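1. Have a look at this prediction, sequence included:
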Amino acid sequence: MKVQKLSKQVESVNEGASKSSKDAKSVSDDLSNNPGNAKLSSKADRAAKAAAKDAKKAHKLNDALSKSNKKVESLQKEIDKTQQELNTLDQKVDFVPTQEAK
């Protein structure tokens with residue numbers, strides 16, 4: 001459940017980071033065409049800060065998702081190992097001779 005929730009959050013945040021990055025690039029390109037425009041300069045600065053903030057948030061969520069995926073993988077290996085041990089014990093139980101009551 002946690003992994004699914006994180007996956008959806010990561011997807012959403014990555015889309016947001018991509019959008020803010022594109023916006024920042026667009027404003028930066030506009031500023032390159034008109035370097036003396038103080039209003040565009042301010043807008044480009046805000047857009048760059050927003051893009052950096054979104055990228056940082058995306059990075060944190062991607063790290064959390066990666067850790068969760070590693071934990072799931074570790075738990076799956078542990079489950080497989082325990083299942084093998086149970087199978088071995090089950091086979092031993094099947095081979096124990098039964099004693100009939102007299």
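-> Yep, that arrived. All values derive from a computational prediction rather than experimental measurement.
2. Please compute how far whichever strand or helix holds Ala47 lies from its chain's middle.
-> Secondary structure assignment for Ala47, by DSSP states H and E: helix 38-95. Taking C-alpha atoms, centre = their mean, to the nearest Å, one finds the center of helix 38-95 at 5 Å from the center of the full chain.
3. Quick check: which helices or strands does the helix or strand containing Ser18 pack against?
-> Under the criterion DSSP H and E, the helix or strand holding Ser18 is helix 2-33. Where contact means 3 or more C-beta pairs under 8 Å, 6 or more residues apart in numbering; DSSP states H and E, helix 2-33 is packed against helix 38-95. Glycine gets a C-beta too; all of them are placed from N, C-alpha and C.
4. What is the helix it packs on packed up against?
-> Here helix 38-95 is seen to pack against helix 2-33 when contacts are counted using 3+ C-beta pairs under 8 Å, 6+ apart.
5. ok, Arg46 - contacts?
-> Arg46 makes contact with no residue, according to C-beta atoms under 8 Å, 6 or more residues apart in numbering.
6. How much space separates it from Ala24?
-> As for Arg46, its distance to Ala24 is 9 Å (criterion: C-beta to C-beta, to the nearest Å).
7. How many neighbouring residues does Asn33 have?
-> The criterion is other C-beta atoms under 10 Å. On that basis, Asn33 has 8 neighbouring residues.
8. Excluding chain neighbours, what is closest to the most centrally placed residue in the chain?
-> Ranked by distance to the mean C-alpha position of the chain (C-alpha atoms, centre = their mean), the top residue is Leu65 at 2.7 Å. Here the nearest residue to Leu65 in space, its sequence neighbours aside, is Leu6; by C-beta to C-beta, 6 or more residues apart in numbering that works out to 4.5 Å.
9. burial measure for Asp23, as a count.
-> Neighbour count of Asp23, defined by other C-beta under 10 Å: 18.
10. ok, so what distance separates it from Glu78?
-> Using C-beta to C-beta, we find Asp23 at a distance of 45 Å from Glu78.
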